[in-house]
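Trainee: Next come a sequence and a model predicted from it.
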Protein chains: 4
Amino acid sequence: MCLGLENMSKGTVVLAYSGGLDTSCILVWLKEQGYDVITYLANIGQDEDFEAARKKAESLGAKKVFIEDLRAEFVEEFIWPSVQANAIYEDRYLLGTSIARPCIARRQVQIAKQEGAQYVSHGATGKGNDQIRFELTCYALYPEVKIIAPWRIPEFYNRFRGRKDLMEYAEVSKCPNPIILAHVCVLFPPTGVPVMVTHLKEGTTKTTPLDIFSYLNELGGKHGVGRIDIVENRFIGMKSRGIYETPGGTILYHAHLDIETFTMDREVRRIKQDLGIKFSELLYNGFWYSPECKFLRHCIAKSQENVEGKVQLSVFKGHVYILGRESPGSLYNEELVSMDVQGDYDPCDASGFIKINAVRLREHHRMEREAQLKQ
Amino acid sequence: MCLGLENMSKGTVVLAYSGGLDTSCILVWLKEQGYDVITYLANIGQDEDFEAARKKAESLGAKKVFIEDLRAEFVEEFIWPSVQANAIYEDRYLLGTSIARPCIARRQVQIAKQEGAQYVSHGATGKGNDQIRFELTCYALYPEVKIIAPWRIPEFYNRFRGRKDLMEYAEVSKCPNPIILAHVCVLFPPTGVPVMVTHLKEGTTKTTPLDIFSYLNELGGKHGVGRIDIVENRFIGMKSRGIYETPGGTILYHAHLDIETFTMDREVRRIKQDLGIKFSELLYNGFWYSPECKFLRHCIAKSQENVEGKVQLSVFKGHVYILGRESPGSLYNEELVSMDVQGDYDPCDASGFIKINAVRLREHHRMEREAQLKQ
Amino acid sequence: MCLGLENMSKGTVVLAYSGGLDTSCILVWLKEQGYDVITYLANIGQDEDFEAARKKAESLGAKKVFIEDLRAEFVEEFIWPSVQANAIYEDRYLLGTSIARPCIARRQVQIAKQEGAQYVSHGATGKGNDQIRFELTCYALYPEVKIIAPWRIPEFYNRFRGRKDLMEYAEVSKCPNPIILAHVCVLFPPTGVPVMVTHLKEGTTKTTPLDIFSYLNELGGKHGVGRIDIVENRFIGMKSRGIYETPGGTILYHAHLDIETFTMDREVRRIKQDLGIKFSELLYNGFWYSPECKFLRHCIAKSQENVEGKVQLSVFKGHVYILGRESPGSLYNEELVSMDVQGDYDPCDASGFIKINAVRLREHHRMEREAQLKQ
Amino acid sequence: MCLGLENMSKGTVVLAYSGGLDTSCILVWLKEQGYDVITYLANIGQDEDFEAARKKAESLGAKKVFIEDLRAEFVEEFIWPSVQANAIYEDRYLLGTSIARPCIARRQVQIAKQEGAQYVSHGATGKGNDQIRFELTCYALYPEVKIIAPWRIPEFYNRFRGRKDLMEYAEVSKCPNPIILAHVCVLFPPTGVPVMVTHLKEGTTKTTPLDIFSYLNELGGKHGVGRIDIVENRFIGMKSRGIYETPGGTILYHAHLDIETFTMDREVRRIKQDLGIKFSELLYNGFWYSPECKFLRHCIAKSQENVEGKVQLSVFKGHVYILGRESPGSLYNEELVSMDVQGDYDPCDASGFIKINAVRLREHHRMEREAQLKQ
């Protein structure tokens, strides 16, 4: 008697599916290996025909198809903390892709648990950062999960290597023609995140996190803001070249940096700067769901308690110019800093300040001189 | 019998003189107080009528006038180490003025020693950073020196306060009309400093430090590069607003950042990044001539041993775009990073790498879950 | 007509008074200068005849005498956060005196405000750290206060210099004869502070912060724990020699370090270690009441959320030995770490982990070799 | 016709051999798998019968036996830089074992290259740090090497697991009876490493690195110095308990810390402290042969240029007490720090120093108060 082989599933896999050739091959291959495959496609604001992807997945044999709109939670839970942190990797990269991974993977393991799937799978390559970002999130949130990473399995990559060229990432689109200058005002509440964006000439106003971020992305993109061509250091120890475009992130990075320096104490800022560098590395390396990243997010959020106010800026030909800022919690005291008003500041004190700071330096150079004379 | 009062000098002061109203008042006032005054004007590349300043100083009673061309040593000894360090203060300010102070003050104390003067004087205000940068250098290099800072002396500032408005700094010049795009190639030797700049279309080539820096300043200035309007934290604990223009510095900052990331090991870069932040603070606060700054310069210079190569960039409408880079000492191994070639990289290793990195995270989340269940 | 001179007070000064010759001279001198003087003596646990001090102050003309028992708040609000931070300056000094200053000065300005005094005064010398710790606290909590520091006023110090020898601090007492070994158990709650100390043999148990700290001080003192003779760097730029005795602090330092490493995630600990070093510097330099120190205390307290458990230790002949620890929140998983049990740990993963970590190193050394061959 | 099977070797393995049961099993197993095995035993000062180990290896079929005396190079090239760095892991562990690994592995790959062996092997377990320290060194210095780590190979560890108990590390020896107090003087040259040790009563003097270190080890061991029982965080993400004994290292750690603080500028020390923490982590994690560790060693060595002088200390009942220090390069200026002598230090300057430091704090608290009033 013959057992129906189709019932002999090895188990269920939730596959992060893009609709492209790459993950379509993986879908088919996983089925060939005997798995039931649930595809999952996250909408984090990318330009994509989600319905076409759904049909393709179904036609290739997906048991179930999830298309999840994560845009609002992506902006609120992942981008906003990065804005607060002034997150930037190796002084230049604004971490756009890196931030998306933990958000996407979190929903994927939720689906896996809910559907009783023991496996998750993805199409990230074996030399990149995304595999790590993806899998560390999965292991952290679903410690028992098993991960199938076909691009690290010789049977898969040896078979598909020849078609790799078909799967290359599309060229970065050509630079559009920026025509006009946009004046924008960004408003931050006392938690350091944006709550309103206004286009000063057109009067357009956005007030939800998703709307604010989408609008700045659109505006910045139109003016060619936030494009970089860099070589960066991957977590696995290779250098790689990347071309990135982060228009909304770039505008917010500059606006936040400005309002923060305006309202935050110098020494708090200095400590927070180091925490932000560390946070950026964790984010880049895939450790969003780690105790240290959670701890840093808490500390960084704490540092933002006084960060509020309005920043006016212009977006123009690829560049963000800060035009001015104001804040109720400003530590900038115009009278105190004015050269014409002394207030209760006594300029003589500066002499003592400098001379005490010089005690160490004078001693040092005196001894150096003595040492030279002895020789 | 009448004693010649002119012989009753309190001593000789070397005054850092700009030719402007501000230090001219100080010159006269110092003479009134009974000092012999030697004026000293440093040429660090600013736009100035040095001969007019000389005549003015002489006419106001300066005993001697020094006009010193420090341009070459300023670029080589002060700007180049800052380029190596990627020096930047509070993530934005490229420290142009800060770097000039120790250079200017060093020559001033040389003159003071050579002329047997026990005093030096300057026109920096009592609330600013420059007084500190200036005086710490003087104390470090000439520990016995006495400093006269009129803007901290009530007799002086109470008398001249009313004229302060006359002394205000000129408005930052309006943005010129950038017309063309400039393609430039910057060449770095294995010490991380630029040795050649070439304008790719015009073929102009500069090879001495001073020529390179002046040329980039001119080019960047023409295209509106490196202008910022920021609020920053002064060393004495106030926030102040500054409008800065650092065209050449901005171009070199981006070019150096690029070639450095291209050629330097990731972890060396990480350590050096922290040293660079510390170095920038010392520079901003006036501690160039301190043991710690000397130590940092040494360490940073050491980190540059492999930093060499060519960076191509375009300067366009206020912006610096990196177009590409190449280097004999590149750590960027195209073959290693290629998705089509495995070389001796085994993608399976990434699984182990990720799983070991996840050991801690899985344990952590498992325990967290247990703790929640207990509650 | 004669005006009563005694009514012509320059105002009221609250003087931090010790009962010793030093501050007694200051009391008299302040009255001579025309101030009304209120003396204030803080009890932070030192060995002192407080009533004798009261009488002396009254006999020297103090208008009012405050003797304040700050012991409990000192332990709870100042020592406990330092224990959480593992606060230590320059790797050795446990900051006993430094911690006391902000506590003492806080009450002093409270008294000054309540009594309508515009002045505060203290007997700290002009070359030390205590003047700074003291005054920064006063300025922070009472921005309008005026401070009289006689040891920085030439009229005072020139007059009293000759008697300075009378005012020297007493020699550190000779080392007592430690006789027995004490086994102690310290219990920490999930906030990282001690809640109970038990002497294992004698059964003595202490449960309030003040009792715990006093008991450990007594016990440690008896066994000669926590004595150091060091040279340290003062904030004002001098090196100075100090002989310190911190018996209770030393025991708690070791116990806390142990339970913390036992229960805290490795990477959280690493970040917190840097915060603790920064915190210690602020404390040493007198910046307890600064926004950055407040921020650090918050972050450090946050890091302690899982730090709880029992530490057993012996105090013996000047030394603290940790004997063992246990904790409900322990991250130490005996099974996971055992060499005999694999659990879900796969030793093969370590190969991948190591090889990925080696990618960068191998590339680096390969290139170095190539570079050498070229030469 | 029969081919001699002994000629069918899979290749040659250089095995780090201890003479114990553990690596003896590996030797036999490697031969069973078809490898020629060269054993290598490093003498880094441990107590061992090297000739017995040689005989055992030969009897078990080693093709060749190397017994290498690495004691002098271990002290000079590995321990001395760690002393300069004040290397300590997680505030407590002096890294004894960690330092030995790169030294041992370096010679092993030298032997492998010289003998034409493509393989190296070791007996470190799959959950520990030593495997990483060992292998990263091998990969760095011999990028093409292949590593056989039997404790990560299921065929091996499943077979030998049952005998693991036989292989347990011996109990830490019981505490000896310290009888006398030893007074010792350690002399450091201007590179921060010890050049002479003298026992003050007995007059014993040691002057070579190896003699100095061995003598302090012996002396410290006799007095029970440097024993700790700690829980630490392994690189692979587990916590593990370790009992360590580092007598010589502990004495040198305290002596160096003392002479360094005595002679090094405060701010250089602060920067160097961070570099030392980073260095310790690299050392612990096995990255001695990495570009960043090389860079740190260079920077740390640079920081030692002025670190010289004599430290007197007593070693007594498990404890190291610093008794005093002197140095020609001392920055400790007794006159400057004296309370009776003012020198060219003007106590009034301290007022200005404090008031300028307070500008920021007063502003901050004033604003905080204003904010509270508004609510």
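Mentor: Nice, I can see it.
Trainee: contacts and neighbour counts: CA atoms only from here.
Mentor: Will do.
Trainee: In a helix, A:Pro194, correct?
Mentor: No: according to DSSP: H, G, I helix; E, B strand; the rest coil, A:Pro194 belongs to no helix; its state is coil.
Trainee: Can you name the residue of the stretch 1-150 of chain A nearest to chain C?
Mentor: Nearest to chain C in the stretch 1-150 of chain A, going by CA to the nearest CA, is A:Glu144, at a distance of 9.2 Å.
Trainee: dump the residue contacts of the residue nearest to that residue when sequence neighbours are not counted.
Mentor: Using CA to CA, 6 or more residues apart in numbering or on different chains and skipping the chain neighbours, the partner closest in space to A:Glu144 is A:Gln118 (7.8 Å). By CA atoms under 8 Å, 6 or more residues apart in numbering or on different chains, the contact list for A:Gln118 reads A:11-13, A:112, A:144-146.
Trainee: just to revisit the earlier point, burial measure for the residue of the stretch 1-150 of chain A closest to chain C, as a count.
Mentor: With neighbours defined by other CA atoms under 10 Å in any protein chain shown, the count for A:Glu144 comes to 14.
Trainee: one step back: any idea which of the contacts of A:Gln118 is least confident?
Mentor: Taken together, those show their lowest pLDDT at A:Glu144, with 89.
Trainee: Can you classify the closest residue to chain D within the stretch 101-250 of chain A by secondary structure?
Mentor: Residue nearest to chain D within the stretch 101-250 of chain A: A:Gly237 (12.0 Å; CA to the nearest CA). Following three-state DSSP, A:Gly237 is assigned to coil.
Trainee: wait, isn't it in contact with C:Ile354?
Mentor: No: in this structure, A:Gly237 is not within contact of C:Ile354 by CA atoms under 8 Å, at 11.6 Å.
Trainee: These two: which is more packed in?
Mentor: C:Ile354 (24 against 21).
Trainee: what about the one helix or strand that one maps to, distance to the chain center?
Mentor: Element membership for C:Ile354 (DSSP states H and E) is helix C:347-374. Relative to the centre of its chain, helix C:347-374 is centred 46 Å away, using CA atoms, centre = their mean, to the nearest Å.
Trainee: same question for that helix, mean pLDDT?
Mentor: 84.
Trainee: elements contacting it?
Mentor: Contact partners of helix C:347-374 among helices and strands, from 3 or more CA pairs under 8 Å, 6 or more residues apart in numbering or on different chains; DSSP states H and E: helix B:347-374, helix D:130-141.
Trainee: Can you convert those helices into TSV and add a column each for distance to B:Ala87?
Mentor: Shown next, in TSV, are those (distance: least, CA to CA, whole Å):
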stretch	distance to B:Ala87
helix B:347-374	34
helix D:130-141	32
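Trainee: With respect to burial, which of those helices scores highest?
Mentor: helix D:130-141 (a mean of 26; mean count of other CA atoms under 10 Å in any protein chain shown).
Trainee: roughly how far is that helix from the heart of the chain?
Mentor: Per CA atoms, centre = their mean, the centroid offset for helix D:130-141 relative to its chain is 15 Å.
Trainee: hmm, that helix in reach of chain C?
Mentor: Yes: contact of helix D:130-141 with chain C (CA under 8 Å from any CA of the partner chain) involves D:132, D:135-136, D:139-141.
Trainee: Check what pLDDT A:Arg92 gets.
Mentor: At A:Arg92, the pLDDT recorded in the model is 86.
Trainee: That one: how many residues sit nearby?
Mentor: 16.
Trainee: which ones are touching the closest residue to A:Tyr142 other than its chain neighbours?
Mentor: Once flanking residues are discounted, A:Tyr142 sits nearest to A:Val109: 6.7 Å by CA to CA, 6+ apart. Taking CA under 8 Å, 6+ apart, we find A:Val109 in contact with A:120, A:138, A:141-142.
Trainee: Which of those sits closest to chain B?
Mentor: Top of the list for closeness to chain B, among those and by CA to the nearest CA, is A:Leu141 at 7.0 Å.
Trainee: gap between A:Val268 and chain B?
Mentor: 11 Å (CA to the nearest CA, to the nearest Å).
Trainee: all strands of the stretch 201-350 of chain A, in order?
Mentor: A:205-206, A:227-233, A:239-245, A:309-316, A:319-326 (DSSP state E, counting those that start in this stretch).
Trainee: The third one pairs with which strands, parallel or anti?
Mentor: For strand A:239-245, the pairing partners within the sheet under DSSP bridges are strand A:227-233 (antiparallel).
Trainee: One more: the last one?
Mentor: Sheet partners assigned to strand A:319-326 using DSSP bridges are listed as strand A:309-316 (antiparallel).
Trainee: Over to the first one?
Mentor: For strand A:205-206, sheet partners with direction are given as strand A:196-199 (antiparallel), following DSSP bridges.
Trainee: Buried residues in the helix or strand hosting A:Val65, which are they?
Mentor: Assigned by DSSP H and E, A:Val65 belongs to strand A:64-69. Across strand A:64-69, burial judged by 16 or more other CA atoms under 10 Å in any protein chain shown covers A:65-66.
Trainee: how about that strand as PDB, C-alpha atoms only?
Mentor: The C-alpha trace of strand A:64-69 is given here as PDB (Å, rounded to 0.1, in the frame of the first residue of the first chain):
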ATOM      1  CA  LYS A  64      -0.600  30.300   2.900                       C
ATOM      2  CA  VAL A  65       0.400  33.900   2.100                       C
ATOM      3  CA  PHE A  66       0.800  36.700   4.600                       C
ATOM      4  CA  ILE A  67       1.200  40.300   3.400                       C
ATOM      5  CA  GLU A  68       1.700  42.500   6.400                       C
ATOM      6  CA  ASP A  69       1.500  46.300   6.600                       C
END
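Trainee: Near chain D, which residues of chain A are found?
Mentor: A:265, A:329, A:331, A:348-357, A:359-360, A:363-364, A:367.
Trainee: circling back: next, the angle helix B:347-374 makes with the helix holding C:Ile354.
Mentor: Using axes from the mean of the first three to the mean of the last three CA atoms, to 10 degrees, the inter-axis angle of helix C:347-374 relative to helix B:347-374 is 140 degrees.
Trainee: what's the angle between helix C:347-374 and helix D:130-141?
Mentor: 20 degrees.
Trainee: Low-confidence regions, chain A specifically.
Mentor: Across chain A, the ranges flagged by pLDDT under 70 are A:1-7, A:161-180, A:331, A:334-335, A:337-344, A:375.
Trainee: Show me the domain layout of it.
Mentor: For chain A, automatic domain parsing gives the domain ranges A:5-70+A:94-167, A:182-326.
Trainee: which residues in chain A form helices?
Mentor: In chain A, helices defined by DSSP state H lie at A:21-32, A:50-59, A:71-73, A:80-84, A:96-114, A:130-141, A:154-160, A:209-222, A:247-263, A:266-285, A:291-303, A:334-337, A:347-374, listed in chain order.
Trainee: Comparing those helices, which comes out most buried?
Mentor: By mean count of other CA under 10 Å, those have helix A:130-141 as the most buried, with a mean of 25.
Trainee: Run through who's touching that helix.
Mentor: So helix A:130-141 is contacted by A:98, A:101-102, A:105-106, A:109, A:122, A:124-125, A:145, A:147, A:149, A:284-290, B:354-355, B:357-358, B:361-362, B:364-365 (CA under 8 Å, 6+ apart).
Trainee: Also compute the angle for that helix relative to helix A:266-285, please.
Mentor: 100 degrees.
Trainee: Now for A:Pro81: which residues touch it?
Mentor: Taking CA under 8 Å, 6+ apart as the criterion, A:Pro81 is in contact with A:297, A:301.
Trainee: Need the phi and psi values for A:Val145.
Mentor: With angles defined as degrees, to the nearest 10, A:Val145 sits at phi -60, psi 150.
Trainee: Okay, the residue nearest to it when sequence neighbours are not counted and A:Arg266: tell me how far apart.
Mentor: The spatial neighbour of A:Val145 that comes closest, neighbours along the chain excluded (CA to CA, 6+ apart), is A:Gln118 at 5.6 Å. Separation of A:Gln118 from A:Arg266 (CA to CA, to the nearest Å) stands at 49 Å.
Trainee: can you check A:Ile236 too?
Mentor: Taking CA to CA, one finds A:Ile236 at 35 Å from A:Arg266.
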